[in-house]
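>>> Following is a predicted model, sequence given first.
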Amino acid sequence: MVRNWLDREVLGYTLGQPDFRRLWGDSIANGFGMSGEQVVLSLLVFQVTSSSAWVGIALALYFAPSLLVGALAGAIADWMDRRNIIRYTELGISIAMLAFGLLLWSTEPALGALLIIAIISGLLRSLYAPARLSYAYDLVGSERSVGGLSMLNLGFRIGQLIGAIAVGLLVQHLTAFHAYLALAGAHGIGFLLLVGLRVTGDAAEIDQAPLLNNLQVLGKELRNNLNLLVVMLVMVVVGILGFSYVTVLPELATQSLGAGAQALGIMYAARAGGGLIGVILLTAVGLTHRHGLLLIGTILLFGLGVLLIGSTNVFTIILLALAFTAAISAIYDVLTQSVMQRIVPNHLRGRAMGIWVFVIGIEPLGHIFIGVAAGLIGVAGALQLNGAGLLLVGFVVLFFSPRLRRL
């Protein structure tokens with residue numbers, strides 16, 4: 001059925017390539033690991049502290065390495081063979097998940113250990129992301145970037161869907177130790193798939209200048225490329241207000257709804273399923289122009305989705321709202337990834353994805369903000385505040401940023 005929804009041309013230049021198929025399989029494994037890890041980490045932190053604020057801090061630390069090493073990771077992606085970067089970071093994540101599981105098996109979970117786990121995992125994922133996104137672009141080229149990145153995101157969302165459900169069930173019926181073993185296994189499978197990568201891609205270009213010089217070139221590009229600067233600033237605000245709603249999901253599941261780990265896993269699965277639908281729709285549309293206008297539209301719809309999550313205590317409606325919001329955010333992710341690589345010179349694409357990861361590193365501010373807000377005005381109030389903020393941003397950009405509308 002999915003095959004009928006997707007453009008056959010897109011299937012040809014993506015899954016028709018052996019190396020893209022391997023990268024796509026790794027995206028499923030990585031999505032399984034990332035989604036599952038967020039379920040188990042956020043639940044463990046909430047169980048230890050009974051505080052959404054601490055969940056927000058843990059997720060902030062999880063994404064904080066992106067802020068610290070995002071630009072450097074992008075420079076490394078332009079400086080080295082991207083295949084080696086994604087192989088060995090995937091292997092590193094697998095080893096880290098196994099180590100975390102063994103730690104939890106031997107001792108009771110402590111807040112300090114969980115926060116350290118969040119930082120280490122976030123660091124490895126920050127190194128992985130720019131190389132993976134720019135390598136996918138290498139394989140399909142500029143004109144097919146939206147289709148290629150959509151397919152890559154599709155695999156990631158499939159993995160997220162499976163990982164959220166599986167890890168929620170493992171924590172509910174077994175232990176966090178078993179959940180981390182499953183995460184280690186998923187990333188290990190991803191590494192084995194990546195070992196078989198053969199080609200660098202037609203659009204690949206390695207800049208072997210010293211890393212410091214690469215970073216200086218990126219700074220100059222930001223000063224001179226107003227389109228890149230506008231997109232980055234919009235992403236910063238949307239990142240803080242939009243994606244942080246996941247911080248309050250454990251409290252929403254366990255207190256507002258009176259459920260447990262399995263319900264939280266289902267909520268994450270709804271997000272993954274919605275993201276899956278979003279990238280399928282984007283691929284089916286075959287978008288080739290007006291990326292900027294569609295990007296603004298996703299910001300407005302993103303705000304409506306977050307508002308809806310905070311406006312009900314009916315579990316079914318919350319799941320639908322989560323799926324809708326995730327679909328919009330998935331389209332938003334693909335558009336920003338494609339636009340940022342298309343508006344810079346080819347040899348700077350890895351560094352552009354480094355900026356994308358860097359912006360993710362700013363998102364922890366949002367996790368902390370919504371966690372504190374939930375403690376002050378409740379989960380519903382915090383979600384509604386963020387949703388209204390996204391709507392305001394969307395309208396401001398729509399009416400006062402013609403540069404972004406024209407992209």
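Ah, there it is.

>>> shaky segments in the stretch 301-407 of the chain?
In the predicted model, the stretch 301-407 of the chain carries pLDDT under 70 at residues 346-347, 349-350, 403, 406-407.

>>> For it, which segments count as helices?
Under the criterion DSSP state H, counting those that start in this stretch, the stretch 301-407 of the chain contains helices at 315-342, 349-362, 364-400, 402-406.

>>> Val248 is nearest to which of those helices?
Val248 lies closest, by CB to CB, to one member of the helices of the stretch 301-407 of the chain: helix 364-400, at 4.7 Å. Bear in mind the C-beta positions are built from the backbone N, C-alpha and C, glycine included.

>>> would CSV of the helices of the stretch 301-407 of the chain with distance to Glu108 and mean neighbour count be doable?
Listed next are the helices of the stretch 301-407 of the chain as CSV, based on distance: least, CB to CB, whole Å; neighbours: other CB atoms under 10 Å:
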stretch, distance to Glu108, mean neighbour count
helix 315-342, 31, 23
helix 349-362, 30, 26
helix 364-400, 23, 20
helix 402-406, 49, 14
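
>>> who wins for proximity to Tyr62 among these?
Using CB to CB, the nearest of the helices of the stretch 301-407 of the chain to Tyr62 is helix 364-400, at 7.8 Å.

>>> could you check the angle helix 315-342 makes with that closest one?
Computed by axes from the mean of the first three to the mean of the last three CA atoms, to 10 degrees, the angle separating helix 364-400 from helix 315-342 equals 70 degrees.

>>> Gly155 and Arg22 touch, don't they?
No - using CB atoms under 8 Å as the test, Gly155 is too far from Arg22 to be in contact (10.7 Å).

>>> Looking at the two now, which is surrounded by more residues?
In this view Gly155 and Arg22 are compared by other CB atoms under 10 Å, and Gly155 has more residues nearby, 24 against 19.

>>> who touches Ala58 in this structure?
If you count contacts by CB atoms under 8 Å, 6 or more residues apart in numbering, Ala58 has them with Leu41, Ser42, Val45, Leu114, Leu115, Ala118.

>>> Ok, Gln38 next?
Leu59, Tyr62, Val246, Tyr268.

>>> So which of those belong to helices?
Using DSSP state H, the members of these that fall in helices are Leu59, Tyr62, Tyr268.

>>> and the gap between the second one and Arg342?
Which is Tyr62. 29 Å (CB to CB, to the nearest Å).

>>> and if you look at the first one?
Distance, Leu59 to Arg342, by CB to CB: 30 Å.

>>> Over to the last one?
When CB to CB is applied, the distance between Tyr268 and Arg342 equals 31 Å.

>>> Any figure for the gap between Ala270 and Trp105?
Applying CB to CB, the value for Ala270 to Trp105 is 30 Å.

>>> the more surrounded of those two?
Using other CB under 10 Å as the criterion, Ala270 and Trp105 rank with Ala270 on top: 24 against 13.

>>> Can you tell me the SS state at Pro109?
Secondary structure, DSSP: H, G, I helix; E, B strand; the rest coil: Pro109 is coil.

>>> and the residue nearest to it when sequence neighbours are not counted, what does it touch?
Leaving aside its chain neighbours, Pro109 sits nearest to Leu44 (5.0 Å; criterion: CB to CB, 6 or more residues apart in numbering). By CB under 8 Å, 6+ apart, Leu44 lies in contact with Pro109, Leu114, Ala176.

>>> Perfect, that will be all.
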